[in-house]
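*Asks:* how does the following fold in three dimensions:
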Amino acid sequence: MFEHLPQLPDDPILGLMVAFHQDSNPNKIDLGVGVYKTELGNTPVLESVKQAERDILELEQTKLYIGPAGAPEFTCAIQSLLLGDNHPALTENRVATLQTPGGSGALRVAAELAKKGTPNATIWVSDPTWGNHIPLLSDTGLQIKTYPYYDVASHGVNFDGMMETLNQAKTGDLVLLHGCCHNPSGADLSQQQWQAVTQLANEKGFTPFIDIAYQGFGEGIEEDAYGVRLMAEQLPELLIASSCSKNFGIYRERVGSVLVISKNAAQAQACASQLARIVRGIYSMPPSHGAAVVTHILQNDTLRQQWLGELDTMRKRIFQLRGQLLEQLNAKGASNDFSFITQQSGMFSFLDISPEQVQRLRDEFSIYMTSDSRINVAGVNSHNIDYLSSAIVSVL
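*Replies:* Reported below is the predicted structural model:
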């Protein structure tokens, strides 16, 4: 049965993790894996999460299945977090929401729903995009096309190229958009650009598919939801995949959700039934613990405020690290202009150096990043920033 299966290459990010752990250099730096890290290089459990877990341990009375759609308390809380409490799509009952195993689960389930609705659909994906987007989406049988997104010259969004290409999208097509903190570039759409894409979607009839995995890491928990809320209000249909891994720091608990905005309440109810059937045939039921933690935090005023404070601390730390890295690079005489680092959002930025320079950083300095020079800014700290900036300048 298996003798004809070839061995596949390692996932680039997972391969970096293995190589980093095997490296004996005491000065090694991991800028590849996309997780938040503290000044000491740890990925902590938030205090609000710890308290929520203690409360749940004390209050939980059963380990019964929570059903294919997930816990209704969770889906309700996530709807409010993403859309706000009184969003028209919610008051009109146009939203079907399903709890999933992480943001990856949300992406796959939403893609399966799209495939059922329009079997020959094409999904347009930004160039570049998160490395797992194309495998997750193409494995459903959706056709993949790309649109220009990151402009190396300006280190920002190639918005003219993006809009020109998306003008080719047709009714029934999907367009994958990053809700905030674009991974891997850190270059985000402005509010005016979100408005223009929304108008184009109305004109062309394509359905936006928003992946929002970093809400709260860009400008703030409310500000980062601007594109999601705008499109949910102005478009008849919208897909949203969200993750709680980053903003709640619960990576291993795999907590995500998929939201489907439909034209009316009847279609939303039909989509909910289809989503439940899809997950019943894949993993049957989502896990409970992480979603219960998120729900408890969002429904408890004290814990919610504590969590928002911790999230704000993480966001501000990343912003400060961007400024400190730029300052260090300039102080060491970097020949490249790295000012774009402070103009981008979230954990990621491209250094916009060559693959050969990236390889030198790894071989000569044990500094690990993906070959396209994407770095996780949260991997920088006061203990390694001098070594890192000196190494970058030395390979320019």
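
*Asks:* neighbours around the residue lying closest to Leu308 once chain neighbours are set aside, how many?
*Replies:* Once flanking residues are discounted, Leu308 sits nearest to Ile221: 6.6 Å by CB to CB, 6 or more residues apart in numbering. C-betas here are computed from N, CA, C, even on glycine. For Ile221, the number of neighbouring residues by other CB atoms under 10 Å comes to 18.

*Asks:* now the strands for the chain?
*Replies:* Using DSSP state E, the strands found in the chain span residues 29-30, 95-101, 122-127, 143-148, 150-151, 156-157, 174-178, 207-212, 238-243, 255-261, 348-350, 367-368, 374-376.

*Asks:* what is the fourth one packed up against?
*Replies:* Taking 3 or more CB pairs under 8 Å, 6 or more residues apart in numbering; DSSP states H and E as the contact definition, the neighbouring helices and strands of strand 143-148 are strand 122-127, helix 133-138, helix 159-166.

*Asks:* list the buried ones in that strand?
*Replies:* Residues of strand 143-148 classed as buried under the neighbour-count rule (16 or more other CB atoms under 10 Å) are 147-148.

*Asks:* what's the answer for stretch 356-363, then?
*Replies:* Taking 16+ other CB under 10 Å as the basis for neighbour counts, the residues of stretch 356-363 that come out buried are 357-358, 360-362.

*Asks:* for stretch 45-57, same thing?
*Replies:* Within stretch 45-57, the residues that qualify as buried by neighbour count (16+ other CB under 10 Å) are 46, 48-49, 51-53, 55.

*Asks:* what of stretch 261-273?
*Replies:* Of the residues in stretch 261-273, those with enough neighbours to count as buried (16+ other CB under 10 Å) are 261-262, 267-268, 271-272.

*Asks:* state the pair within those residues that is farthest apart.
*Replies:* Pairwise distances among the buried residues of stretch 261-273 were taken by CB to CB; the largest, 12.0 Å, belongs to Ile261 and Ala272.

*Asks:* report the two of the buried residues of stretch 45-57 separated the most.
*Replies:* Leu46 and Asp55, at 14.0 Å, using CB to CB across the buried residues of stretch 45-57.

*Asks:* next step: the buried residues of stretch 261-273 restricted to helices.
*Replies:* In helices, judged by DSSP state H, the following of these are found: 267-268, 271-272.

*Asks:* the longest helix in this protein is where?
*Replies:* The helix of greatest length in the chain, counted in residues with DSSP H as the criterion, is given as helix 301-331.

*Asks:* against which helices or strands is that helix packed?
*Replies:* helix 47-59, helix 289-299, helix 385-395.

*Asks:* try it again at 10 Å.
*Replies:* For helix 301-331, the elements it packs on are helix 47-59, helix 289-299, strand 348-350, helix 385-395, judged by 3 or more CB pairs under 10 Å, 6 or more residues apart in numbering; DSSP states H and E.

*Asks:* hmm, back to that, which one of the buried residues of stretch 356-363 is nearest Lys116?
*Replies:* Once CB to CB is applied, the member of these that ends up nearest Lys116 is Val358, at 40.8 Å.

*Asks:* which residues touch the closest one?
*Replies:* For Val358, the contacting residues are 351, 367-375, 395, by CB atoms under 10 Å, 6 or more residues apart in numbering.

*Asks:* of those residues, which is the nearest to Ile210?
*Replies:* The shortest distance between Ile210 and any of these, using CB to CB, involves Arg374 and amounts to 21.0 Å.

*Asks:* what's the separation between the residue nearest to that closest one when sequence neighbours are not counted and Ser371?
*Replies:* What sits nearest to Arg374 in space, not counting adjacent residues and going by CB to CB, 6+ apart, is Pro184, at 3.9 Å. Per CB to CB, to the nearest Å, Pro184 is found 11 Å from Ser371.

*Asks:* neighbour-wise, which of those two wins?
*Replies:* When Pro184 and Ser371 are compared for neighbours, Pro184 comes out ahead with 23 against 13, by other CB under 10 Å.

*Asks:* need the helices and strands packed on helix 301-331 in TSV (columns: distance to Ile13 and mean pLDDT).
*Replies:* What follows is these, written out as TSV (distance: least, CB to CB, whole Å; pLDDT from 0 to 100):
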stretch	distance to Ile13	mean pLDDT
helix 47-59	24	96
helix 289-299	22	97
strand 348-350	12	94
helix 385-395	19	95
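
*Asks:* what's around Gln199, how many residues?
*Replies:* Considering only other CB under 10 Å, Gln199 is surrounded by 12 other residues.

*Asks:* now do the end-to-end distance for stretch 35-47.
*Replies:* Across stretch 35-47, the straight-line distance between its terminal residues is 17 Å, by CA to CA, to the nearest Å.
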